[in-house]
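Undergrad: Whatever this is, show me its structure:
(chains A, B, C and D)
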2 protein chains.
Amino acid sequence: MRLSHLHFRSMCAVPLPHQRHSCCSRVHTGAVEDYLQAVFALTTEHGAATTSSLAELLGVAPPSVSAMLNRLAVDDLIARPAAHRVELTDHGRRHAVAVVRRHRLVEEFLLRALDVPWEDVHAEADALEHAVSARLLERIDTFLGHPTRDPHGDPIPPRHGHHDEGRPPPLSRARPGAQVLVERVSDRDSTALRHLGELGIRPGVVLDVVEQAPFGGPLWVELEGRRIPLGLQLTDLVFGGTA
Amino acid sequence: MRLSHLHFRSMCAVPLPHQRHSCCSRVHTGAVEDYLQAVFALTTEHGAATTSSLAELLGVAPPSVSAMLNRLAVDDLIARPAAHRVELTDHGRRHAVAVVRRHRLVEEFLLRALDVPWEDVHAEADALEHAVSARLLERIDTFLGHPTRDPHGDPIPPRHGHHDEGRPPPLSRARPGAQVLVERVSDRDSTALRHLGELGIRPGVVLDVVEQAPFGGPLWVELEGRRIPLGLQLTDLVFGGTA
DNA sequence: GCATCGCGTTAGCCTTGTCTCATAGTGGCA
DNA sequence: TGCCACTATGAGACAAGGCTAACGCGATGC
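TA: This next block holds a predicted model:
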């Protein structure tokens, strides 16, 4: 077989990321997508992202964030309306939401199709999300029946149109006597997630808040007859409204 | 929610490739895996790989290949037993076979789980294969029931133990009168693959070789009563033994 | 009013992986 | 024997994405 008979460009093991959008001159690498996702997460959670919070979230040094933010600003993906403040532009938000959609659909797919444990889907999706083509993503979406929530209860942005990331308050804000419908559980800490899963605390369950122990003590909740003490590190990861 | 409560290292969108093996000091990036896979393919197909054949196959310039081969040689992944000759060491072959296993399992998964068209699975798998963890790969393998062939008929290396890549001769070598059981179809050219798929020429079918037209003309084969002319660019991509 | 501390940035460097351009070896053929 | 074509590599550059060390600067405390 002569090699020259083949269309090598079409087969070569391409190191380039997928071309996602025609609107951007520069191709978005995995790192760029990670930064956009992180800015999106921090701005929706805290109203704003900062260099240091991005560095901590992404596990890189602050100067690396500075350098990347400069590049993202040149590409009109982020804006810096004030010192110590990073925001997505409309353009950047569109790209970030697309990455979030990919991440959450992949998470849901891993759980439903391959039975990957609840606490592991996030890490696997973090690696896979940059390698999933638009074509493949729509197959996944169709396979799953166009889900609206990922395994942690996070809303999956629609392919087109507005996405509302709105999140109910954390369980740590709940007062004794309240009934809380768990809507979302943060996927950031896999060991905490595993623990919550073992306790049965997942999106959709209803918790009775029984008692807040004083001096930073646990929040006691009741679930299916069991009384469970939850420390602040857990109640900060669970979000829900009154049932 | 205070960020410092979380285990950031466990959640950060890791740009590093998965740590595959403890045996290597250097982590294998996607590019390294692509080169190993390419050397494996060329050595099994032609007995040896060369700088230029690797460059053509991978779609990069020859000096890029030279540089990478030096690095691979330092890591004892390849050997250069003679000029114009690149071979995998035992160590390099183990790694290459692991990459091939990942690629082919992902291909089979995409076809079976998501119904990705035959001619597209290769390109999608090329992007995904570097992002699939060992843990996820074994889930995929289990889900598929430990398949031994990918959608193109290529053998899937076992997790442990010997892998034999042996390939039957191409259809271009077949003589009129022969009955050929199609075993494998090269996945390199997606348009040719699509065409072959539309003709019904897939692993498992039996072709009657009718006539070889002279002067580089087509090979006429018969499949399910249809007489089909196949040019050299197609008959070089189909492999099988006498039925 | 001044020292300090936290935050962000600049400066300078490294690795990976690519490129182009120029050079060197090597084998075939007139 | 000499030339040509092919193959491989060296040299140098660049972009991406990291790092550390050092500096500037604003808020805060004394």
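Undergrad: Tell me the secondary structure at A:Q19.
TA: coil (DSSP: H, G, I helix; E, B strand; the rest coil).
Undergrad: so it makes contact with A:V27?
TA: Yes - in this structure A:Q19 lies within contact range of A:V27 using CB atoms under 8 Å: 6.2 Å. Backbone N, C-alpha and C define where each C-beta goes, glycine included.
Undergrad: Between those two, which contacts overlap?
TA: Between them, A:Q19 and A:V27 have no joint contacts when contacts are counted by CB atoms under 8 Å, 6 or more residues apart in numbering or on different chains.
Undergrad: so which helix or strand takes in the spatially most central residue of chain A?
TA: The centroid of chain A falls nearest to A:V100 when counting by CA atoms, centre = their mean (6.1 Å). Applying DSSP states H and E as the criterion places A:V100 in helix A:90-114.
Undergrad: Just the angle for that helix relative to helix B:90-114, thanks.
TA: Comparing the axes of helix A:90-114 and helix B:90-114 via axes from the mean of the first three to the mean of the last three CA atoms, to 10 degrees yields an angle of 90 degrees.
Undergrad: Determine whether any part of helix A:90-114 lies close to chain B.
TA: Yes - between helix A:90-114 and chain B, judged by CB under 8 Å from any CB of the partner chain, the touching residues are A:110, A:113-114.
Undergrad: Adding neighbour count, pLDDT and distance to B:F143, write those out as a markdown table.
TA: Supplementary listing: the residues of helix A:90-114 next to chain B in a markdown table, determined by neighbours: other CB atoms under 10 Å in any protein chain shown; pLDDT from 0 to 100; distance: CB to CB, whole Å:
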| residue | neighbour count | pLDDT | distance to B:F143 |
| --- | --- | --- | --- |
| A:L110 | 23 | 98 | 11 |
| A:A113 | 17 | 98 | 8 |
| A:L114 | 16 | 98 | 6 |
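Undergrad: Let me know the closest of these to A:G197.
TA: Ranked by distance to A:G197 (CB to CB), those are led by A:L110 at 14.9 Å.
Undergrad: State the distance from the closest one to A:P63.
TA: Between A:L110 and A:P63 the computed distance is 34 Å (CB to CB, to the nearest Å).
Undergrad: Kindly tell me how buried the spatially closest residue to A:S64 that is not a sequence neighbour is, as a neighbour count.
TA: In this structure, A:S64 finds its nearest non-sequential neighbour in A:A55, 7.1 Å apart by CB to CB, 6 or more residues apart in numbering or on different chains. Other residues within reach of A:A55 by the criterion other CB atoms under 10 Å in any protein chain shown amount to 18.
Undergrad: Assumed A:A55 was part of a strand.
TA: No - assessed with three-state DSSP, A:A55 is helix; it does not lie in a strand.
Undergrad: now it: how far from DNA strand C?
TA: 7 Å (CB to the nearest atom of the strand, to the nearest Å).
Undergrad: For that residue, give me its contacts.
TA: Each residue near A:A55 by CB under 8 Å, 6+ apart is listed here: A:61-62, A:64-65.
Undergrad: Check A:A83 and give its pLDDT.
TA: As summarised for this prediction, A:A83 has a pLDDT of 86.
Undergrad: What separation is there between it and chain B?
TA: The span separating A:A83 from chain B equals 19 Å under the rule CB to the nearest CB, to the nearest Å.
Undergrad: Also A:G47?
TA: Where chain B is concerned, A:G47 sits at a distance of 12 Å (CB to the nearest CB).
Undergrad: hey, where'd the strands end up in chain A?
TA: When secondary structure is read from DSSP state E, chain A shows strands at A:78-82, A:85-88, A:179-185, A:206-212, A:219-223, A:226-230, A:238-242.
Undergrad: So for the second one, what gets flagged as buried?
TA: What it means is strand A:85-88. Of the residues in strand A:85-88, those buried by neighbour count under the rule 16 or more other CB atoms under 10 Å in any protein chain shown are A:86-88.
Undergrad: Need those residues in CSV (columns: distance to chain B and pLDDT).
TA: Putting the buried residues of strand A:85-88 into CSV (distance: CB to the nearest CB, whole Å; pLDDT from 0 to 100) gives the following:
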residue, distance to chain B, pLDDT
A:V86, 14, 96
A:E87, 18, 96
A:L88, 16, 97
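Undergrad: Would you indicate which residues of the helix holding A:V100 are buried?
TA: Taking 16+ other CB under 10 Å as the criterion, helix A:90-114 shows A:91-114 as buried.
Undergrad: between that helix and strand A:78-82, how many degrees?
TA: Between the axis of helix A:90-114 and that of strand A:78-82 there is an angle of 120 degrees, by the same axes, to 10 degrees.
Undergrad: and helix A:90-114, what does it pack onto?
TA: Packed against helix A:90-114 by the contact rule (3 or more CB pairs under 8 Å, 6 or more residues apart in numbering or on different chains; DSSP states H and E) you find helix A:30-46, helix A:121-128, helix A:134-144, helix B:134-144.
Undergrad: Can you tell me what sits against the shortest one?
TA: Pointing back at helix A:121-128 there. For helix A:121-128, the surrounding residues in contact (CB under 8 Å, 6+ apart) are A:103-104, A:106-108, A:110-111, A:116, A:151-152, A:187-188, A:190, A:193, B:10-11, B:13-14, B:18, B:128, B:131-133, B:135-136.
Undergrad: These, buried ones only, as a ChimeraX selection?
TA: Here the buried members of these are turned into a ChimeraX selection, burial being counted by 16+ other CB under 10 Å:
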select /A:103,104,106,107,108,110,111,116,151,152,187,188,190,193 /B:10,11,13,14,18,128,131,132,133,136
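Undergrad: I'd say A:H195 and A:L237 touch.
TA: No - if you go by CB under 8 Å, A:H195 and A:L237 don't touch, sitting 9.9 Å apart.
Undergrad: quick one: which of these two has more around it?
TA: Neighbour comparison, A:H195 and A:L237: the larger count goes to A:L237, with 26 against 15 (by other CB under 10 Å).
Undergrad: Without its sequence neighbours, what residue ends up closest to the more buried one?
TA: Spatial nearest neighbour of A:L237, chain neighbours left out: A:S186 (4.2 Å); criterion: CB to CB, 6+ apart.
Undergrad: and if you look at A:Y35?
TA: Sequence neighbours aside, A:M68 is the residue nearest to A:Y35 in space, at 5.4 Å (criterion: CB to CB, 6+ apart).
Undergrad: Just give me the neighbour total for the one you found.
TA: Using other CB under 10 Å, the number of residues around A:M68 comes to 19.
Undergrad: Against DNA strand C, how distant is it?
TA: Separation of A:M68 from DNA strand C (CB to the nearest atom of the strand): 10 Å.
Undergrad: OK, contacts around that residue?
TA: Listed by CB under 8 Å, 6+ apart, the contact set of A:M68 reads A:31-32, A:35.
Undergrad: Could you do A:R20 as well?
TA: The neighbours of A:R20, taking CB under 8 Å, 6+ apart as the test, are A:28, A:95, A:98, A:134.
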